[in-house]
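> Here's a sequence, model it:
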Amino acid sequence: MQHSIRPAGYGLGFVMAFAGGCLWGFSGACSQFLFTRCSLTSEWLVPWRLMIAGSLMVLASILRKGKGAFAVWRTPRHARRLLVFGLLGMSGCQYTYLTAIQHSNAGTATVLQYLGPALIMVYLCVRERRLPKALEVLVLALDLAGIFLIATHGSIHTMALSREALFWGLLSAVFVAVYTLSPVSLLAHYDSFEVVGWGMFVGGIAMMLWKHPWTMGVQLTGEIAFYTGCVIVLGSVAAFTLYVEGVRRIGPGKGSLVSSIEPVSAALFAVFWLGVALTAADLAGFVCILLTIIPVSYTHLTLPTTSRV
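Alright, predicted model coming up:
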């Protein structure tokens, strides 16, 4: 029988993971502010967010590890995997998520993105050529119920969520699965801060070349600069640093549970700061989807291979 031994700094780790999740939620609300109050778009925000945040994280890795920060590029197999992670996982996840916020609100988009773990479960069932287990069926049922309540408010005859918001929200969940699965082999060899930093940097370059945000005629006012800075510094660099260090102290299973504060904080910021109105059906849908985090986290706690990654 195994007993859980709390490592030194467990309480601090919990606070750090919690703070990281809250900052991610705040970042989503700041993005919504930029879209609704400053008339910006995800096509402008995503390239700058990835490029600047990635550059800061790569620079921090270089200052900390020197030439060791470039080790991932010296192995062709790992370099290819990092390119896939940056081009598809990182940039795809960020672009679809922020576009979903643009068409709905921070709380709804964040909750829809949390369908990603259920999609990973489906993928693993297909890959392993097996039927889903009872717990996995429960997770999928809760997710489908949550989507139904958020999209229709409980009525099969109406759509409470726009088709664009639903499309980008569900697509963001798909890219969360890609984002989660694509760097697994890299994380067995390299520091997660380093992998995510390079992923953001690669994704930022790709988004810059694709969207050309400097040609969009955005006037960089003090307000735009401040909230964009919050998205980049607080919502990317600080949030990830706090969360990763927190998970190192408390473990990935408990970390994923604590990070579920992200959609809650995003919804609270959207309601009390930005004046978004959420119905009882929205809240019930949020609860259905967030409840799925518990069995998923339990799986993380009981599978040693997953915990090691």
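> Now do stretch 195-211: distance to the chain's middle.
16 Å (C-alpha atoms, centre = their mean, to the nearest Å).
> can you check stretch 237-253 too?
13 Å.
> And stretch 283-295, by the same measure?
With C-alpha atoms, centre = their mean, you get 16 Å for stretch 283-295.
> residues making contact with it?
107, 111-112, 114-115, 117-118, 135, 138-139, 142-143, 145-150, 256-257, 260, 263-264, 267 (C-beta atoms under 8 Å, 6 or more residues apart in numbering). C-beta: built from backbone N, CA, C; applies to glycine.
> Just the buried ones from these?
107, 111-112, 114-115, 117-118, 139, 142-143, 145-150, 256-257, 260, 263-264, 267 (16 or more other C-beta atoms under 10 Å).
> Can you pick out the ones from those that are in strands?
Judged by DSSP state E, strands contain none of the buried ones among the contacts of stretch 283-295.
> Which of the contacts of stretch 283-295 fall in helices?
107, 111-112, 117-118, 135, 138-139, 142-143, 145-150, 256-257, 263-264, 267 (DSSP state H).
> thought L161 was touching I150?
Yes: between L161 and I150 there is a contact under C-beta atoms under 8 Å: 6.1 Å.
> which residues are common contacts for those two?
Counting by C-beta under 8 Å, 6+ apart, the residues touching both L161 and I150 are T108.
> how far is stretch 157-171 from where the chain is centred?
Distance, centroid of stretch 157-171 to centroid of chain: 19 Å (C-alpha atoms, centre = their mean).
> for it, which positions count as buried?
Those would be A160, L161, A165, L166, W168, G169, L170, L171, for stretch 157-171 by 16+ other C-beta under 10 Å.
> I'd like to know the average pLDDT value across that stretch.
Throughout stretch 157-171, pLDDT has a mean value of 92.
> how about that stretch as PDB, C-alpha atoms only?
What follows is stretch 157-171 as a C-alpha-only set of coordinates in PDB (Å, rounded to 0.1, in the frame of the first residue of the first chain):
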ATOM      1  CA  HIS A 157     -35.000  24.500 -31.000                       C
ATOM      2  CA  THR A 158     -32.600  27.400 -30.300                       C
ATOM      3  CA  MET A 159     -28.900  28.200 -30.400                       C
ATOM      4  CA  ALA A 160     -27.900  30.500 -27.500                       C
ATOM      5  CA  LEU A 161     -24.200  30.500 -28.700                       C
ATOM      6  CA  SER A 162     -23.300  31.700 -32.100                       C
ATOM      7  CA  ARG A 163     -22.200  29.100 -34.600                       C
ATOM      8  CA  GLU A 164     -18.800  30.900 -34.900                       C
ATOM      9  CA  ALA A 165     -18.300  30.800 -31.100                       C
ATOM     10  CA  LEU A 166     -19.200  27.100 -30.900                       C
ATOM     11  CA  PHE A 167     -17.000  26.200 -33.900                       C
ATOM     12  CA  TRP A 168     -13.900  28.000 -32.600                       C
ATOM     13  CA  GLY A 169     -14.600  26.800 -29.000                       C
ATOM     14  CA  LEU A 170     -14.800  23.200 -30.100                       C
ATOM     15  CA  LEU A 171     -11.800  23.600 -32.400                       C
END
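> Quick check: V195 vs H78, distance?
Distance, V195 to H78, using C-beta to C-beta, to the nearest Å: 10 Å.
> Give me the more crowded residue out of the two.
Remark: of V195 and H78, V195 carries more neighbours, 23 against 18, as counted by other C-beta atoms under 10 Å.
> coming back round to it: just the buried residues of stretch 157-171: which are in helices?
A165, L166, W168, G169, L170, L171.
> and R130, what element?
Secondary structure assignment for R130, by DSSP states H and E: no helix or strand.
> residues touching the most centrally placed residue in the chain, list them.
The residue lying closest to the centre of the chain (C-alpha atoms, centre = their mean) is V176, at 6.7 Å. Listed by C-beta under 8 Å, 6+ apart, the contact set of V176 reads C93, Q113, Y114, L115, G116, P117, L119.
> excluding its backbone neighbours, what's nearest the third one?
Taking C-beta to C-beta, 6 or more residues apart in numbering as the measure, Y114 lies nearest to I289, with 5.4 Å between them; neighbours along the chain are not counted.
> can you tell me how far the one you found sits from A160?
15 Å.
> cool, and T241?
37 Å.
> Which elements pack onto the helix or strand harbouring G92?
Per DSSP H and E: G92 is located in helix 91-103. Applying 3 or more C-beta pairs under 8 Å, 6 or more residues apart in numbering; DSSP states H and E, one finds that helix 91-103 contacts helix 10-37, helix 42-65, helix 106-113, helix 163-181, helix 192-211.
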